[in-house]
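Asker: Show me how the following folds:
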Amino acid sequence: MNKENYIAVFDSGVGGISVLRHLVKALPSERFLYFGDSANAPYGTKTKEQVRALTFAAAEMLIKQGIKALVVACNTATSAAIEDLRKAYPKMIIIGIEPALKLAADKFPGGKLGVMATPMTLREEKFARLMERFDESCDIFKIPAPGLVELIESGKADSPETDALLRELFDPYPELDALVLGCTHYPFAAKSISRVLGDGVALLDGGDGTARETRRRLEEADLLAPASQEGYVLLQSSGNTEQFKFLAQKLLDK
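Answerer: Model (predicted):
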């Protein structure tokens with residue numbers, strides 16, 4: 001393991017690109033290897049055992065390519081497998097993303113907070129423990145969003161179809177102060193979400209915090225790439241490679 005090795009970033013599809021954008025900004029000299037498991041997306045409707053198996057398969061494949069850190073840029077995969085991954089690879093830097101609920105609670109004490117995430121993320125014990133820390137000081141609403149990942153994966157993040165789905169999802173939750181985007185796909189639907197909820201509802205996600213934690217861990221391990229190194233992103237996918245690369249590059253703005 002050396003400073004020039006890749007930082008691997010893993011998601012069930014293109015959603016983790018929202019985290020990758022923060023990582024590239026925070027670590028411009030790093031080489032990133034992004035893997036989207038589009039052939040098996042979405043993860044959020046699968047069982048915990050299925051997601052854990054898929055996450056381990058992806059992690060093993062990426063580690064074999066020679067990486068210095070693994071960022072699990074998928075809330076569902078983090079919920080299902082992050083603790084087991086760290087036990088299986090104790091010497092590897094492994095960072096998982098979590099819903100930005102603490103950030104929301106700090107910004108809106110006593111407020112009405114929605115947490116929009118996949119059904120699996122919302123029902124997992126990991127999220128339940130996170131929610132318990134803040135549900136006495138805030139009103140927290142769990143908002144599952146089935147179908148939204150599929151629309152984003154098909155390039156319809158900002159579309160009439162997405163607007164219609166979101167209107168139905170948010171109808172029971174009026175007057176939110178903030179919405180936590182608990183899936184890395186959802187920031188790409190931010191325009192549509194704001195159209196439906198209004199600009200007064202703050203949208204918060206965990207991408208920036210994940211990037212800062214990744215930088216901190218690399219600094220701690222003396223594994224930051226030299227400033228003179230030219231950073232870049234290598235894209236890999238288990239699904240339709242050309243379609244995936246086209247959408248990923250569009251979302252990455254590169």
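
Asker: how about low-confidence regions in the stretch 151-254 of the chain?
Answerer: 254 (pLDDT under 70).

Asker: Which stretches in it count as helices?
Answerer: Taking DSSP state H, counting those that start in this stretch as the test, the helices found in the stretch 151-254 of the chain are 160-170, 190-197, 207-220, 241-252.

Asker: List the buried residues for the last one?
Answerer: Of the residues in helix 241-252, those buried by neighbour count under the rule 16 or more other C-beta atoms under 10 Å are F244, L247, A248, L251, L252. C-beta here means a position set from N, CA and C on the backbone, and glycine is covered the same way.

Asker: Please compute how far it lies from its chain's middle.
Answerer: 17 Å (C-alpha atoms, centre = their mean, to the nearest Å).

Asker: contacts for it?
Answerer: 13-14, 17-18, 20-21, 24, 34, 36, 38, 153, 155, 188, 233, 235, 237 (C-beta atoms under 8 Å, 6 or more residues apart in numbering).

Asker: now, which of those residues sits nearest K48?
Answerer: K48 lies nearest to G13 out of the contacts of helix 241-252, by C-beta to C-beta, at 18.7 Å.

Asker: Leaving out the residues flanking it, which one is nearest to the closest one?
Answerer: Spatial nearest neighbour of G13, chain neighbours left out: A41 (4.0 Å); criterion: C-beta to C-beta, 6 or more residues apart in numbering.

Asker: From H185, how far off is that neighbour?
Answerer: Going from A41 to H185 by C-beta to C-beta, to the nearest Å gives 9 Å.

Asker: Just to check, Y186 is in contact with I193?
Answerer: Yes: the pair Y186 / I193 is scored as a contact, 7.4 Å apart, by C-beta atoms under 8 Å.

Asker: Could you verify my assumption that T76 touches C183?
Answerer: Yes: with contacts counted by C-beta under 8 Å, T76 reaches C183, the gap being 7.1 Å.

Asker: So for those two, which sits in the more crowded spot?
Answerer: T76 (31 against 28; other C-beta atoms under 10 Å).

Asker: Would you map the strands across the protein?
Answerer: Secondary structure of the chain (DSSP state E): strands located at 6-11, 31-36, 67-72, 93-96, 112-117, 139-144, 178-181, 202-204, 232-237.

Asker: Distance to A57 and mean neighbour count for the ones you listed - can I get that in CSV?
Answerer: Putting the strands of the chain into CSV (distance: least, C-beta to C-beta, whole Å; neighbours: other C-beta atoms under 10 Å) gives the following:
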stretch, distance to A57, mean neighbour count
strand 6-11, 10, 26
strand 31-36, 11, 23
strand 67-72, 13, 24
strand 93-96, 15, 22
strand 112-117, 23, 23
strand 139-144, 26, 17
strand 178-181, 26, 25
strand 202-204, 31, 20
strand 232-237, 13, 17
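
Asker: Tell me which of the ones you listed lies nearest to E213.
Answerer: Of all the strands of the chain, strand 93-96 comes closest under C-beta to C-beta, at 5.5 Å.

Asker: List the contacts of stretch 140-153.
Answerer: 12-15, 38, 41-42, 44-45, 101, 112-119, 122, 131, 134, 157, 159, 161-162, 165-166, 169-170, 173, 176, 179, 183, 185-186, 188-189, 247.
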